[in-house]
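sharing a model that was predicted from the sequence below.
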Amino acid sequence: MAWKFDNPLVSMADDQQNAAARAVWEGESLGGITEDNNRLPVPVVGLLILTIVTSFLVTFPLWGQRPTAALYENYVAEMDSPQAQALPDDVKRMQYIVDTVRAKNPQFANGVSKQALLDRHPLSMDDLRMIQGQMVELQRQGARMEEFTVIGNRLVLANFEGNWRADGTRERVQPWWDKGYTIDVFYIIAFCISVIVVVKRLPPYTWQPKH
Amino acid sequence: MLKYLFAKEEDIPPGTAAIFFGFSSIVWFVLGTGLGSFNAAKLAFPDFVTGIELISFGHMRQVHVLAVILGWISMAFAMTMMYITPALGNTKLWSEKLGVWNCFLWNIGLAFGLFLLWNGVSSGREYSDMPWFIDLVVIFGVLFPLGINVWMTIKNRRTQGIYTTNWFFGAATFMVIVVFLVGNMPEFFNLTGLTEAYLTWWFAHNVLGLWITPVAAAISYYVVPKVTGNPLYSHRIGHLHFWSVVVFYSTPAAHHLMSAPLPEWLKSFASVEGVLILVPAIAFVSNLLLTMHGKWRMFVENVEIKYTITGVLLAIPLNMQGGFQQTRAINWYVHGTGWIVAHAHLALLGFSTFLEAAAVYYGLQVLLRRKVYSLSLSNFHFWMLLIGFSTYWISMTIAGLIQGAGKIYEVPYIDVVIAEHPYMIARWVGGTMVFIGNIVWMYNMWMTARAGTPIPAGRLPHELAYER
């Protein structure tokens, strides 16, 4: 089991081992089946690298999240304003609330993240009425609204459990990176190293058996 | 079969166990798809046969699923292992007698288990529906004897090297035993709650990922080089495929529960691993398609290659769906809809079935030393399977997207049911085509055994396919 490290991307086996492997490879019949020693085509290597990068990019928890209560705080605050109440129906009231919130909050008007999230989860006045009472109560308690998820007519504490805070509570906001990804990184590195070692113990791919 | 159960080992002709497994698998395929067709009719036509509890959908669904997985697919695997493992080691099967007993107990145990399921004796856990005592029969009466025969045959081989197919056979028979032992722990030890949910889907995911997918792939590693006469394109890509199956297919179970209150880090971990099932898929598909170099005419002319390469090509949409449908953003939409049913059929009826059918066609001809009775009926079977499966898959995918939209936009449930109706009829038509094709196949293989043209010594069936 000698190892050679002078050119590890060509072969990690010594010349004697490679010669023995070639002799078995060419001389042995595996039930009438033979094998070649081709390398993975370069475009396929590129496809595998793209797959690994994509596996992280498409799985970040940023995608597919439920709306948080914080998104609707400003909406609820405008619900009972005299201007909104003066409007004749719910459709106009909702439109007024959305326009007002956008005008008052530059981060909404600029079409950045919060606005995008709100557009993805449109609400009606009836939806706001269902969560209004719970939201006011949570605000009274000083709750962090970004940690509450809107599920139907309920505001519930997000099930994500993050780092401990100094006051003994835990963060409930999902980060874009968590320890699952860190484990994945180590896992993939270990896999790649192991497979490279396995295939580099074979004769170099520049050699092809004669069948 | 009965006369060989108590015969001496040397009195049992080589290949006997494989032949019994081969015909058993076809019979279970006919039964399983017949049940599937019946169940689909009940979804397409809600007034079809009502009022009898035993033939209600809830009693029959899991009987269909397990008849196909443990009857058709797994017995076809056993058949291929019984003839390919020794062939690749230039040796005999370690014990034909153990193989015959294995087949006998498998049929008895499965029939009893399905009888219990049909009567409502069930664990209530999808894919691991069998009650715990049947699980023990499956582990110790079915999978363990199969594994012993495979491992000992590999150990007693007369070659120095072990071909890629036998790596998969040896490893998969070990891994599936672990999967059954660990995955059924909720029943053995009365585990409940999230632990039960997680282990249920750990089982379901790994039965597919560590049993069905690798063994089906292993079969094609044998059939394509054997029938085309080409060398396998790359031994080293085989390494990449094998180890990436073991590493990346064993870990993403949590991606079946992306909306459950599992730890978020576990979902993140599993979701990345879920996309990485594309690594073995890319290695597998590229290795097999490159092995076909210069022999693509056989994709049209040869029945075994036609089935095998169709299965290999279906691995592409299968893994593209499987890799991405489990991510948070897409799972939110398709979870719990017909999309997933379509995907499961793409895996079991598309990708895997085509590969196994090729191996059963090829193996039975080799073992019986007879050419297939009717090539026309084989081609008819192929097209019934392919058109029937495609009709099923496409219609259920569309139905799933409708259900997803209905779920997200809170459309009244009955409106979704009405919108899905045409697709449920298409599903029934597709499934019934598969069923009819399989009846024809059973007849064709029965007639092959009785009246197929004998194959002279030293020749192989695909060499004589077009000779009279």
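Happy to help now that I have it. Numbers count the residues shown, from 1 in each chain, chains lettered A, B, ... in the order given.

what about B:I394, neighbour count?
As a burial measure, B:I394 scores 15 neighbours (other CB atoms under 10 Å in any protein chain shown). C-beta: built from backbone N, CA, C; applies to glycine.

what's near enough to touch it?
Contacts for B:I394 (CB atoms under 8 Å, 6 or more residues apart in numbering or on different chains) come out as B:A342, B:A426.

hmm, try it at 6 Å
Going by CB atoms under 6 Å, 6 or more residues apart in numbering or on different chains, B:I394 touches no other residue.

over to B:L110?
B:L110 makes contact with B:L70, B:G71, according to CB under 6 Å, 6+ apart.

my read is that B:G113 contacts B:I134, right?
Yes. With contact defined as CB atoms under 6 Å, B:G113 and B:I134 form a contacting pair (4.0 Å).

just checking, what packs against the helix ranked longest in chain A?
Among the elements of chain A assigned as helix by DSSP state H, the one spanning the most residues is helix A:179-200. With contacts taken as 3 or more CB pairs under 6 Å, 6 or more residues apart in numbering or on different chains; DSSP states H and E, helix A:179-200 sits against helix B:235-248, helix B:264-275.

let's see 8 Å
helix A:42-57, helix B:235-248, helix B:264-275 (3 or more CB pairs under 8 Å, 6 or more residues apart in numbering or on different chains; DSSP states H and E).

what mean pLDDT does the last one get?
Looking back up the chat, that one is helix B:264-275. Mean pLDDT, computed over helix B:264-275, is 93.

related to what we said a few turns ago, most packed of the helices and strands packed on helix A:179-200?
When you average the neighbours per residue for each of these (mean count of other CB atoms under 10 Å in any protein chain shown), helix B:264-275 leads with a mean of 25.

please see if that one touches chain A.
Yes. Legend: contact between helix B:264-275 and chain A by CB under 8 Å from any CB of the partner chain is shown at B:E264, B:W265, B:L266, B:K267, B:S268, B:F269, B:A270, B:S271, B:V272, B:E273, B:G274, B:V275.

orientation of the helix or strand just after that helix relative to helix B:235-248 in degrees?
Later in the chain than helix B:264-275, the nearest helix or strand by DSSP states H and E is helix B:278-291. Going by axes from the mean of the first three to the mean of the last three CA atoms, to 10 degrees, helix B:278-291 is angled at 160 degrees with respect to helix B:235-248.

any idea of the angle helix B:278-291 forms with helix A:42-57?
Angle, helix B:278-291 to helix A:42-57, by the same axes, to 10 degrees: 160 degrees.

buried ones in the following helix or strand past helix B:278-291, by neighbour count?
Per DSSP H and E, the first helix or strand lying C-terminal to helix B:278-291 is helix B:298-301. Across helix B:298-301, burial judged by 16 or more other CB atoms under 10 Å in any protein chain shown covers B:M298.

what does stretch A:180-190 give?
A:G180, A:Y181, A:I183, A:D184, A:Y187, A:I188.

ok, for B:V245, nearest residue in space, not its chain neighbours?
B:P280 (4.5 Å; CB to CB, 6 or more residues apart in numbering or on different chains).

neighbours of that neighbour, how many?
By the measure other CB under 10 Å, the count of residues near B:P280 is 25.

test my guess that it contacts B:G238.
No. Applying CB atoms under 8 Å, one finds B:P280 not in contact with B:G238, separated by 10.7 Å.

find the centremost residue of the chain, please.
Using chain A. Nearest residue to the geometric centre of chain A (CA atoms, centre = their mean): A:F60, 1.4 Å.

wait, I meant chain B there
Note: chain B centre (CA atoms, centre = their mean) maps to B:I73, 3.9 Å.

can you verify my assumption that that residue contacts B:L348?
Yes. Assessed by CB under 8 Å, B:I73 is found in contact with B:L348 at 6.5 Å.

now list whatever residues contact both of these two.
Shared contacts of B:I73 and B:L348 (CB under 8 Å, 6+ apart): B:I212.

where's B:E304 relative to B:Y361, distance?
6 Å (CB to CB, to the nearest Å).

name the residues that touch stretch B:20-30?
Contacts for stretch B:20-30 (CB under 8 Å, 6+ apart): B:1, B:67-68, B:71-73, B:75-76, B:78-79, B:82, B:99-100, B:103-104, B:106-107, B:110, B:356, B:360, B:363-364, B:367, B:435, B:438-439, B:441-442, B:445-446, B:449.
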